[in-house]
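Enquirer: Show me how the following folds:
(one chain, ligands or ions: 1)
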Amino acid sequence: MHVVLSPHSDDAPLSLGGWIHQLTASGHDVLIVTTMCGDPRPPIPDTPLIRELHTRWNVGDAVSAVRRREDQAAARVLGARIAFLDLPDCIYRVDSDGAALYDTGEAIFGPLKAEDAVSGGVPADLLDLIGGATDIYAPLAVGNHVDHQAVKQWGMSITAKLHGARLWLYEDYPYSETAGAVDATLAVTTGALSLLPLQLSTQDMRAKMDAIACYASQISTFWVSLDDMEARITAYFTQGGTRPPHERCWAHEGFWG
Ligand SMILES: [Zn+2]
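Expert: Below you'll find the predicted structure:
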């Protein structure tokens, strides 16, 4: 079983959708686990950041439920199974006094806070879901989003516990589009890494774009339109048309025999 750890509901298709399709099309069992798309615990903190994001997403307070449905549709397109952990996105997580832990745009791309429960180790329900996995895919955490940082840490801890499982760190798209962002992240990642470009077929790329199109609530955040999404995805994953399509993963050699 291949397990793809996806901090938010769209990360797996955005970064690794073509590879997931290739695996399932050739008969592999792929489980996507979306980790931080649980319902926020009331009372939801009243921060300008949450108000701004809810306005932009335009789906009211049921944002997490909407995104889980989009995620299920995308997983169907890719032929993968999907499961969810019941953890809210970082913007909804609070300290022991009920104050938002990450209340600004800068904070969600800053350090993962020690008082944040997700920094305290791998959740038990995640370990229950992924026993028997042969390959674990975790974000490289390009862009430094705190949720991606936490899931990257889990990937390393889980793989150390699952005997013989391989750890792959995928480049987080679209954060990886920013010049220098991947190199900056590699420089702060412990352990030996080697790049494994994952070659994709035309059908894999088609499935990836069809999966991304399932996230209607997110399209406007990243792209002007669906056509714009397809053009930018195609350009990025073919390096401007200079190479066959591929997604980029780093094998973490500490976990490869
Ligand atoms: Zn994300």
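Enquirer: Helix, strand or coil: sort out the residue of the stretch 1-150 of the chain found nearest the ion for me.
Expert: Residue of the stretch 1-150 of the chain nearest the ion, by C-beta to the ion: residue 8 (3.6 Å). Quick note: C-beta positions are derived from backbone N, CA and C, even for glycine. The three-state label given to residue 8 by DSSP: H, G, I helix; E, B strand; the rest coil is coil.
Enquirer: can you count the residues close to it?
Expert: As a burial measure, residue 8 scores 22 neighbours (other C-beta atoms under 10 Å).
Enquirer: Contact partners for it?
Expert: Residue 8 makes contact with 34, 36-37, 67, 89, 147, according to C-beta atoms under 8 Å, 6 or more residues apart in numbering.
Enquirer: Just the residues you listed: which are in strands?
Expert: Counting by DSSP state E, the contacts of residue 8 place residue 34 in strands.
Enquirer: Can you say which two of the contacts of residue 8 are spatially most distant?
Expert: With C-beta to C-beta as the measure, no two of the contacts of residue 8 lie farther apart than 67 and 147, at 13.2 Å.
Enquirer: quick one: which of those two has more around it?
Expert: Shown here are residue 67 and residue 147; by other C-beta under 10 Å, residue 147 has more neighbours (27 against 22).
Enquirer: How many neighbouring residues does the nearest residue to the more buried one once chain neighbours are set aside have?
Expert: Spatial nearest neighbour of residue 147, chain neighbours left out: residue 7 (4.1 Å); criterion: C-beta to C-beta, 6 or more residues apart in numbering. Counted with other C-beta under 10 Å, residues neighbouring residue 7 total 29.
Enquirer: ditto for residue 51
Expert: 10.
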